[in-house]
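Trainee: 3D, please:
(2 chains, ligands or ions: 2)
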Amino acid sequence: MDTFDYRRPASVREALRLVAGHPDAAFVAGGTDLVTLLRDRVRTPGRLVDINGLPLDGLRWSRDGVRIGALCRNAVDDPRLAAAYPVLVRALRSGASPQIRNRATFGGNLLQGVRCPYFRLPEFACNRRDPGAGCAAAGGDGRLLGIFGTSAACVAVHPSDCAVALVALDATVVVEGTRGTRRIPVGDLHRLPGDTPHEEHALRPGELVVAVEVPARPFAARSTYVKFRERASYAFALASAAVAVHSEHGVVRDARICLGGVAPKPWRAHAAERALRGERLDAATVEAAAEAATAGARPRPDNAYKVELVRGVVRRALTELGEK
Amino acid sequence: MAIGRPLNRVEAREKVTGAARYTADARLPGMVYAALVGSAVSAGRVRAIDTTRAEAAPGVLAVLTHLNRPQWHGTPDALRYQETRFPLADEHIHHHGQYLAMVVAGTREQAAHAADLVAVDYETRPAVPTLDAALPDAHQPVWRFEPEFPTLLAIGDPEAMLAAADVRIEREYRTPYYSHAPMEPHATLAHWAGGSLTVYTTSQHVHGDRPVIAGALGVPPDRVRVISSLVGGAFGNKTAVWGPTLLAAVAARQVGRPVQLVVTRKQVFTCHGHQPPILQRLRVGANRDGTLQAIVHHTVNGTPVLFDRPEGAISPTGTVYALRSVGVRVEVARMHMPTPATMRTPGDGPGMFAVGSALDELSYELGIDPVELRRRNHLAAHPLERKPWSGKQLLECYDEGARRFGWERRAPRPRMMRDGGDWVGFGMSSAQRLEHHGPARAVVEIRDDGTAEVRTSTQEIGTGNLTTLTQVAAGGTGIEPDRIGFRSGDTTLPESSPTYGSRTTGSTGTAVHLAALRARQVAARLAIADARSPLHGLPEERIGAAHGRLYDVDAPRRGETYRELLRRNGRRSIVEQGFHDLAGRDPRFSYATFGAHFTEVRIDDTLRRVRVTRHVGVFAVGRVLNPKTARNQAQGGIVYALGGALMEELTADPVTGRFIAPALTDYHVPVNADVGEIDVSFVEEPDYGAHPLGAKGLGEVVAVGVHASIANAVYHAIGIRVRDLPITPDKLVAGPR
Ligand SMILES: Cc1cc2nc3c(=O)[nH]c(=O)nc-3n(C[C@H](O)[C@H](O)[C@H](O)COP(=O)(O)OP(=O)(O)OC[C@H]3O[C@@H](n4cnc5c(N)ncnc54)[C@H](O)[C@@H]3O)c2cc1C
Ligand code: SF4
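Mentor: Ligands and ions are numbered 1, 2, ... in the order given. The predicted structure follows:
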């Protein structure tokens, strides 16, 4: 681990000031991801700004939905949240372990680093870690890598469960910078790698996530999260699906299907959503949507099994919702 | 009677409350800390190594590399030292992570920081990264353990028998790199005083470590003391000395202060042992009635570039089933891999996966129930030693297991059992492990306050041995277990057998048993000779012992406590030795432990992941000293093998061979939710031929055969035969739906 300057501001303004003009500064929230990256020298910030002293936790409800503070922990246990947004609470519960969820925050979860093993081991070349260095995963073991939205420069997947649910819920992140407040749809937060995989997200230097806003949508309450992984718990998704459906008179009016574990960002399966609209949620529709969810998949031989997993998680999630 | 009671572990309270002291918890005044730098490349050479920035970093006391390390003495033997090369020997690099430098500093953080500042200029050579890439090099190993652990052997004429058999199958099975993944990392605290060295280290054999450490450092063994308190898991990777133990001692001498060296989690996964990948080719021939005619078993395992280290996966091939002919051949192939280490169930674990799977495949070819097929090939005598097995209740294990499991509900063919969206499958396998033993010494002391103490160098590696050995001492002395103290894990104590190879119960247990009996006998004689004793003048065989008291077995009220006896005679204590030697067992028999596994798996057809919902294990291990620790060991062994069957794999990069999952986050072991109902029972019959206590090893046989039992159940459920472990979801998506 390298040495760094450590600060613990008491206000958002002070936090922003501490990072302004310090391109090598990083915020640290729960630290469950960043500290391991520091330890392994994947990240080497010169300054660490600890935001745990900021008043950014808690939920605020309004008619438009809920605003979740960036420091709200992933262990959040709120019956109202569970009733209004089942997909979100299930996604959170499926992540990590109770200890980690007690520590991990919403902001940190959205901005956690990829789990590509080559990214996390500095002995390997990685474009995401060191721009232009090359991608060791390209010729390496690719079983965990992406099948959608990847590029020649990077094939990693985004590991967050929470983000997948938030995209399905049309959520927005609220960010503060020295130039003011911005709102970014969670679906636009993570960037596809293209030729610049090191540009991981849409935050400008020095911007701080202060909250996530989840709107009240007709499909939000009828939603679920299905995560498939190698063991029964405490593992990242091999593939997951956040699915929300709004029906009227037995016909689907609107739906969201977002995939996790298969792309560099939460992956909206638009074709699958289209396959649902105007249809009854019967077995044939479920099958059609599951198939449509794989549209555009570009697997390599060692991760081709994920295509079948995508069908599986979508089928399972829709079947579960169909039974409601 | 203390033996056979389900006592709680003697160290349970300390472990549960966090008071237990492990090696990394040891503290000495003035101690400083070391950290290691590992190689970033898998093969090549250190062209230059720049330590100036590290030396200038805060708190740094010393930086050692191959250029300035003190001279090593002697040559390592790859037996009690894990490798053939001492650490920092020279500039050559043979595997990724190989230790290239050590930094000593005032705090752990300073040492870790300075280690990052060591700059290495590498000359990189292409690595042989995978077993497949290494196969052209497959060769007969140079191996010193012939013929006890043979690498080439034939009984009868297997090729001719195969050709003549009614049915033949030929299959290839693979097991991956497995990590021991103990929770406790290797740790050493070394301290010199007046030319004598004390080493606190994580060890499964302190007396085995001592000569290695002394030899490498050029000091007489009696100037070295090795202490290993509680060990936080080992599974075989603490059986012998690793480089960091020696480096800590060297560092302590150099800086003149105690030095602690705890390796990082990544280093646990990279440089402290693993089981290498193994490829097994099996050809099995049988007649229509199921009688096995021949097995030809050929294995190739990866070996480090510097020496040959065969994995004995052929171990079960010729000794588990009645065969008319056998041919086995073990080869190794050099890879740029870190040094492997013996892993719990060496040989038998991977070997039984292959043999147990092949038998299952054969059962479908023949249309014979898998249990019945095994019965028809029951083996009464050890085929090489040509002696009958002692205490072989394997047929009873099959019966009991099948009954407890409900095997009769098994459908005869795969893909016939369905429960909602789940495929359900039943599988089974036999289990067997040859009973090893070794010399062991112990001392039992009975004191004038009515307590006793056992002293033997054994280590508590998590198996419950301090508890069972306390029970053995209680059984021998007649003193209650809670009045018996234990001193262990120290070379100043009498040498036990090592805590590997399932030797503790049989070998060390016998030594404790004999010491306890002797101590009691001395006390009894003292009483008989003492005119003031109520037992005065009785014949020795009439004296019993229980509840800390000697008594007349014909008139139990007549007697006195050890305390009264010793105090009256002015004796502070009675100290007696027990010695178990290799001549101790009945030479007319061969010895092993046996068992049967039965597994139910369920696989959701939409999202196919194997869930082990029920597992029944029945074992014949002689007498069970403590049903609680025994059940615990058996459950642990089954879960351990379940991990290897379904999820564990130390994935290596196909280009460099570097392990890419060197962390518990990515190296998946089962979590609680992965473990279904486990039913453990014993066909208990003391095996007095093996040891005077009638108890045999338990810690390994319980895990042998689990892989095959699970893989067989998977096939039965879903019709997919997975021959390369682990059975991860990616291997189940193809195939019929
Ligand atoms: C063993 C393990 C298993 C895991 N399993 C899962 C899983 O199954 N599913 C899953 O989704 N996740 C999983 N995780 C990841 C875990 O959810 C994240 O580590 C956690 O959510 C990160 O939150 P944190 O507050 O600790 O972030 P930190 O580690 O503090 O920060 C992470 C990143 O976010 C940045 N950051 C944090 N807060 C802000 C903010 N407010 N504004 C701007 N930038 C910010 C930091 O600078 C850093 O780059 C796992 C982690 C571990 C260690
Ligand atoms: S896939 Fe992406 S994260 Fe992984 S090594 Fe390549 S560039 Fe780095």
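Trainee: would you agree B:H668 is in contact with B:T651?
Mentor: No. With contact defined as CB atoms under 8 Å, B:H668 does not reach B:T651; the gap is 10.5 Å. Placement of C-beta: from N, CA and C, glycine included.
Trainee: the two: who's more crowded?
Mentor: Neighbours per residue (other CB atoms under 10 Å in any protein chain shown) separate B:H668 from B:T651, with B:H668 holding more: 22 against 19.
Trainee: mind listing what the nearest residue to that one once chain neighbours are set aside touches?
Mentor: Among residues not flanking B:H668 along the chain, B:M647 sits closest, at 4.2 Å (CB to CB, 6 or more residues apart in numbering or on different chains). Going by CB atoms under 8 Å, 6 or more residues apart in numbering or on different chains, B:M647 touches A:E230, A:R231, B:H668, B:V669, B:P670, B:D674, B:P726, B:T728.
Trainee: and B:M647, what pLDDT?
Mentor: On the pLDDT scale, B:M647 is placed at 98.
Trainee: and it, how close does it get to A:T172?
Mentor: Between B:M647 and A:T172 the distance is 38 Å, computed by CB to CB, to the nearest Å.
Trainee: if we can go back for a sec, how much space between the residue nearest to B:H668 and B:D666?
Mentor: Counting by CB to CB, the gap from B:M647 to B:D666 is 11 Å.
Trainee: burial count for the closest residue to chain A within the stretch 1-150 of chain B?
Mentor: The nearest approach of the stretch 1-150 of chain B to chain A comes at B:A40, 4.4 Å away (CB to the nearest CB). Residues near B:A40, counting by other CB under 10 Å, number 20.
Trainee: so it is in which element?
Mentor: For B:A40, there is no helix or strand it lies in under DSSP states H and E.
Trainee: ditto for B:R45
Mentor: B:R45 belongs to strand B:44-50 when elements are defined using DSSP H and E.
Trainee: buried ones in that strand?
Mentor: Within strand B:44-50, the residues that qualify as buried are B:G44, B:V46, B:I49, counting by 16 or more other CB atoms under 10 Å in any protein chain shown.
Trainee: could you pull up the mean pLDDT of it?
Mentor: Strand B:44-50 shows a mean pLDDT of 98.
Trainee: so how far is the helix or strand harbouring B:Y364 from its chain's centroid?
Mentor: In this assignment (DSSP H and E), B:Y364 forms part of helix B:348-366. Taking CA atoms, centre = their mean, to the nearest Å, one finds helix B:348-366 lying 23 Å from the centre of the chain it belongs to.
Trainee: so which elements touch that helix?
Mentor: On a contact count with 3 or more CB pairs under 8 Å, 6 or more residues apart in numbering or on different chains; DSSP states H and E, helix B:348-366 meets strand B:167-175, strand B:278-286, strand B:292-304, helix B:370-376, strand B:422-434, helix B:627-646, helix B:706-718.
Trainee: out of these, which comes closest to chain A?
Mentor: The nearest among those, by CB to the nearest CB, is helix B:627-646 at 7.7 Å.
Trainee: after the closest one, next one along is what?
Mentor: Sequence-wise, the next helix or strand downstream of helix B:627-646 (DSSP H and E) is strand B:675-682.
Trainee: got the angle for that next one vs helix B:627-646?
Mentor: With axes from the mean of the first three to the mean of the last three CA atoms, to 10 degrees defining the directions, strand B:675-682 sits at 130 degrees from helix B:627-646.
Trainee: what sits closest to A:C126 if chain neighbours are left out?
Mentor: A:F119 (4.9 Å).
Trainee: repeat that for B:Y591.
Mentor: Nearest one to B:Y591, counting by CB to CB, 6+ apart, is B:E435 at 3.8 Å.
Trainee: model confidence score at that neighbour, please.
Mentor: What the model reports as pLDDT for B:E435 is 91.
Trainee: my guess is it meets B:G697, correct?
Mentor: Yes. B:E435 lies in contact with B:G697 (CB under 8 Å); the separation is 5.9 Å.
Trainee: and the closest residue to chain B within the stretch 1-150 of chain A, how far from A:A136?
Mentor: Nearest to chain B in the stretch 1-150 of chain A, going by CB to the nearest CB, is A:P117, at a distance of 3.9 Å. According to CB to CB, A:P117 stands 9 Å off from A:A136.
Trainee: if we can go back for a sec, list phi and psi for the residue of the stretch 1-150 of chain A closest to chain B.
Mentor: Reported as degrees, to the nearest 10, the phi and psi values for A:P117 are phi -60, psi -30.
Trainee: same question for the one 5 residues further on.
Mentor: The phi/psi pair for A:P122 (degrees, to the nearest 10) reads phi -60, psi -10.
Trainee: go ahead and confirm it touches A:L38.
Mentor: No. A:P122 is beyond contact range of A:L38, at 11.8 Å (criterion: CB under 8 Å).
Trainee: and the least confident helix or strand in chain B by mean pLDDT, which residues are buried?
Mentor: Least confident helix or strand of chain B, by mean pLDDT, DSSP states H and E, is strand B:152-155 with a mean of 91. Within strand B:152-155, the residues that count as buried by 16+ other CB under 10 Å are B:L153.
Trainee: buried residues in the next helix or strand after the strand holding B:R45?
Mentor: For strand B:44-50, the following helix or strand on the C-terminal side (DSSP H and E) is helix B:52-56. Neighbour-count burial for helix B:52-56 flags B:A54 (criterion: 16+ other CB under 10 Å).
Trainee: how about helix B:52-56 and chain A, any contact?
Mentor: No. Counting by CB under 8 Å from any CB of the partner chain, chain A has no neighbours in helix B:52-56; the shortest distance is 11.7 Å.
Trainee: closest point of chain B to ligand 1, which residue?
Mentor: At 4.1 Å from ligand 1, B:T665 is the closest residue in chain B, using CB to the nearest ligand atom.
Trainee: where's that residue relative to B:R9, distance?
Mentor: On the measure of CB to CB, B:T665 and B:R9 end up 29 Å apart.
Trainee: which one of these two is surrounded by more residues?
Mentor: B:R9 (22 against 16).
Trainee: in what helix or strand does that one lie?
Mentor: Applying DSSP H and E, one finds B:R9 in no helix or strand.
Trainee: now it: how far from B:K238?
Mentor: According to CB to CB, B:R9 stands 20 Å off from B:K238.
Trainee: next: A:L111.
Mentor: For A:L111, the distance to B:K238 (CB to CB) stands at 40 Å.
Trainee: what's the closest non-adjacent residue to the residue of the stretch 1-150 of chain B closest to chain A?
Mentor: A:E123 (4.4 Å).
Trainee: one more: A:R39?
Mentor: Distance criterion CB to CB, 6+ apart; nearest residue to A:R39, sequence neighbours excluded, is A:M1 at 5.4 Å.
Trainee: check contacts around the one you found.
Mentor: With contacts defined as CB under 8 Å, 6+ apart, the neighbours of A:M1 are A:L38, A:R39, A:R41, B:E109, B:A112, B:H113, B:D116.
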